[in-house]
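Chemist: any chance you could fold what I've pasted below:
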Amino acid sequence: MTEPSPPPTPSLVLRVAFAALSLVLAGCKVGPNFTPPPPPQVTGYAQAKPSATAATAGVASGVAQRFEPGQDIPGDWWTLFHSQPLDALVEQALKNNHDLLAAQAALRVAHEDVLAQHGSVYPSVSAGFGASRQRASTALAPVPNFPTVTQEFSYSLFTPQVAISYAPDLFGLNRRTRESLQAQEQAARFQMIAVWTTLTSNVVVTAVEAASLRDQIEATRKLEEIEKQSLAMVRLRLQKGDATELDVAAQQTQLAQTEATLPPLVKQLAVTRHALAALVGDFPDQLPAEGFTLAGLHLPANLPLSLPSKLVAQRPDVRQARANLHAASAAIGIAAAARLPNIELDANAGSTALAISQVFTSGTGFWGIAASLTAPIFEGGALRHQELAAKDAYVGAAQQYRSTVLLAFENVADTLTALEQDAKSLQDAASAAQAAQTTLKLSQLQMRHGYISEFALLSAQQAYQQTQIALVQAQANRFADTAALYQALGGGWWHHESLAKK
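Modeler: The predicted structure follows:
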């Protein structure tokens, strides 16, 4: 006959129960699990899908730009302009721009916060050592022959001990907190990438604007010299009786109008150069003279056009909004877990002795184990409303994400329209410049044969210089909006290892 098994000991029952409870609670995590929003179900950026822009023959930046759907964006897209001075400015900005350096520091802070939160997974262990010298006076017992005498004595006490504390993550408070911090790190990462992409685009656009303003100032000064010559000629004709005071006043007015356009251009160029200096991390007086002009820039003929489904993954502002949405989702779990019970386990062990040489001898050791359970009972509704606020914050973050996606598509659509219209504006400006040049050549020919006066030739030169100013502006718009397209599509940051790290 088989003897019955002995009943389990209480300690064994407690260990089994604790192990079973740990397994059950290991997967318990309150709050919603975050699911990234799907990409928008659209096939294009605008109703009209351009395939190429118009071409303008005889102009350096008049090439037709073709849009290549699905083509990837180069990581160093600014090098497509084929300008070494421009490349040097961008590289200097990426090394020295203080906004970018600040964003990189903010990312490191967010990363360290995530690493710090990892410590909540493990028990906290601390060690201590206490030493004290005490003097006590106690009537221990009547001393023989001296019943009223009180004994007085002094002693030392040495206590080394180790304490362990652990709070099991019953309902995922620590895990949701870690998830929130990781999402915040991703938001900081894409904020830094957004600064990076904006910086590269701003350097290119600002440098192009500065080059355009220099060309406009040069053309305006030539126009001013022509009008001064015209005024001198009208005054000479007035002396000979071939012109009136009205003719002189009209020419003076035209000269004054041209002269009035020069100071704003000079001021705008100075402001643009100062802005460019700040972008590259220099003071206004430290920026060297640029070694490039619009004529020295190459306009890319093939432009990438990312698929709409990929735009949300490439745009750093969209990715930042998605990370903010993830953090808001985790915050719901944090608020929900704060309303649930919490267990804390504590243990300590050590030794106490009257002499330091006896600290680790037999009989001096002690230990203790404790467990505590706390649960909120009445908080005046604070915890409940904090959870409701977290849910509303998630709704707000979701709407902000959708708004950011719409803004991204709007940005790309606007840039595509701008590129298309820039090409047409350049055509018109080039046609006007060509007509003015033809008129100038014919006027020069007629002047040599005595068919027209020198005043008529100066008028033709004046019209030609005016068309040159408009042509420079149209060329600059094509370069600036090309840079804006690369930024609108994400800037190609994923090709840089330091930015693409997860």
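
Chemist: any low-confidence regions in the stretch 201-350 of the chain?
Modeler: 289-291 (pLDDT under 70).

Chemist: so where's the stretch 1-150 of the chain uncertain?
Modeler: Applying pLDDT under 70 to the stretch 1-150 of the chain flags the ranges 1-27, 48, 136-150.

Chemist: switch the cut-off to 50
Modeler: Scanning the stretch 1-150 of the chain for pLDDT under 50 picks out 1-21, 23-26, 140-141, 146, 148-150.

Chemist: all helices of it, in order?
Modeler: Assigned by DSSP state H, counting those that start in this stretch, the helices in the stretch 1-150 of the chain fall at 10-26, 84-96, 98-117.

Chemist: and the angle from the longest one to helix 84-96?
Modeler: Using axes from the mean of the first three to the mean of the last three CA atoms, to 10 degrees, the interaxial angle of helix 98-117 with respect to helix 84-96 works out to 40 degrees.

Chemist: give the buried residues for helix 98-117.
Modeler: For helix 98-117, a neighbour-count test (16 or more other CB atoms under 10 Å) marks 99, 100, 103, 104, 106, 107, 110, 113, 114, 117 as buried. Glycine gets a C-beta too; all of them are placed from N, C-alpha and C.

Chemist: what's it in contact with?
Modeler: With contact meaning CB atoms under 8 Å, 6 or more residues apart in numbering, helix 98-117 is reached by 93-94, 174, 177-178, 181-182, 184-185, 187-189, 191-192, 195-196, 199, 281.

Chemist: keeping just the C-alphas, turn that helix into PDB.
Modeler: Only the C-alpha atoms of helix 98-117 are listed here, as PDB (Å, rounded to 0.1, in the frame of the first residue of the first chain):
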ATOM      1  CA  HIS A  98      23.600  76.200 -33.300                       C
ATOM      2  CA  ASP A  99      19.900  75.200 -33.800                       C
ATOM      3  CA  LEU A 100      21.000  71.900 -35.200                       C
ATOM      4  CA  LEU A 101      23.500  71.400 -32.400                       C
ATOM      5  CA  ALA A 102      20.800  72.200 -29.800                       C
ATOM      6  CA  ALA A 103      18.400  69.700 -31.400                       C
ATOM      7  CA  GLN A 104      21.200  67.100 -31.300                       C
ATOM      8  CA  ALA A 105      21.700  67.800 -27.600                       C
ATOM      9  CA  ALA A 106      17.900  67.500 -27.000                       C
ATOM     10  CA  LEU A 107      18.000  64.100 -28.600                       C
ATOM     11  CA  ARG A 108      20.800  62.900 -26.400                       C
ATOM     12  CA  VAL A 109      18.800  64.100 -23.300                       C
ATOM     13  CA  ALA A 110      15.800  62.100 -24.500                       C
ATOM     14  CA  HIS A 111      18.000  59.000 -25.100                       C
ATOM     15  CA  GLU A 112      19.500  59.200 -21.600                       C
ATOM     16  CA  ASP A 113      16.000  59.500 -20.100                       C
ATOM     17  CA  VAL A 114      15.100  56.200 -21.800                       C
ATOM     18  CA  LEU A 115      18.200  54.500 -20.500                       C
ATOM     19  CA  ALA A 116      17.400  55.800 -17.000                       C
ATOM     20  CA  GLN A 117      13.900  54.400 -17.100                       C
END
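
Chemist: mind checking how far that helix is from the chain centre?
Modeler: Distance of helix 98-117 from its chain centroid, counting by CA atoms, centre = their mean, to the nearest Å, is 12 Å.

Chemist: next, the closest residue to residue 313 other than its chain neighbours: secondary structure please.
Modeler: Using CB to CB, 6 or more residues apart in numbering and skipping residues adjacent in sequence, the residue nearest residue 313 is residue 319, 7.2 Å away. Classification of residue 319 using DSSP: H, G, I helix; E, B strand; the rest coil returns helix.

Chemist: how about the strands of the protein, start to end?
Modeler: With DSSP state E, the ranges of strands along the chain come out as 66-69, 124-138, 151-166, 302-305, 342-351, 365-374.

Chemist: relative to strand 124-138, how tilted is the longest one?
Modeler: Looking back up the chat, that one is strand 151-166. Put simply, strand 151-166 runs at 170 degrees to strand 124-138, going by the same axes, to 10 degrees.

Chemist: which positions in strand 151-166 come out as buried?
Modeler: Across strand 151-166, burial judged by 16+ other CB under 10 Å covers 158, 159, 160, 161, 166.

Chemist: distance from the chain centre to it, please.
Modeler: With CA atoms, centre = their mean, you get 55 Å for strand 151-166.

Chemist: other SSEs contacting that strand?
Modeler: In terms of contacts (3 or more CB pairs under 8 Å, 6 or more residues apart in numbering; DSSP states H and E), strand 151-166 is packed against strand 124-138, strand 342-351.

Chemist: show the pLDDT at residue 353.
Modeler: pLDDT for residue 353: 85.

Chemist: isn't it up against residue 365?
Modeler: No. Counting by CB atoms under 8 Å, residue 353 does not reach residue 365; the two are 9.7 Å apart.

Chemist: can you tell me which of the helices and strands packed on strand 151-166 is most buried?
Modeler: Neighbour counts (mean count of other CB atoms under 10 Å) averaged over each of these peak at strand 342-351, with a mean of 16.

Chemist: so what strands line up beside it?
Modeler: Neighbouring strands of strand 342-351 in its sheet, by DSSP bridges, are strand 151-166 (antiparallel), strand 365-374 (antiparallel).

Chemist: what residues does the last one touch?
Modeler: The contact list for strand 365-374, computed with CB under 8 Å, 6+ apart, reads 161, 341-352.

Chemist: make it 10 Å
Modeler: Under the contact criterion CB atoms under 10 Å, 6 or more residues apart in numbering, strand 365-374 has outside partners 18, 159, 161-165, 167, 170, 341-353, 359.

Chemist: from residue 477, how far out is residue 437?
Modeler: For residue 437, the distance to residue 477 (CB to CB, to the nearest Å) stands at 21 Å.

Chemist: who has more neighbours out of these two?
Modeler: Shown here are residue 437 and residue 477; by other CB atoms under 10 Å, residue 477 has more neighbours (21 against 15).

Chemist: so for the more buried one, what's the pLDDT?
Modeler: At residue 477, the model reports a pLDDT of 95.

Chemist: so it touches residue 53, yeah?
Modeler: No. The criterion here is CB atoms under 10 Å, and residue 477 misses it with residue 53 at 11.9 Å.

Chemist: so residue 356 sits right up against residue 131, yeah?
Modeler: Yes. Counting by CB under 10 Å, residue 356 does reach residue 131; the two are 7.7 Å apart.

Chemist: give me the common contacts of the two.
Modeler: Residues touching both residue 356 and residue 131 (CB under 10 Å, 6+ apart) are 156, 158, 160.

Chemist: tell me who's in contact with the last one.
Modeler: Residue 160 is in contact with 127-131, 349-353, 356, 359-360, 364, counting by CB under 10 Å, 6+ apart.

Chemist: leaving out the residues flanking it, which one is nearest to it?
Modeler: Among residues not flanking residue 160 along the chain, residue 129 sits closest, at 4.7 Å (CB to CB, 6+ apart).

Chemist: if I look at that neighbour, how far off is residue 184?
Modeler: Distance, residue 129 to residue 184, by CB to CB: 39 Å.

Chemist: which other residues reach stretch 256-267?
Modeler: 212-214, 216-221, 223-228, 231, 462, 465-466, 469.

Chemist: buried ones among those?
Modeler: Those of those that meet the buried threshold are 212-214, 216-220, 223-224, 226-227, 231, 462, 465-466, 469, by 16+ other CB under 10 Å.
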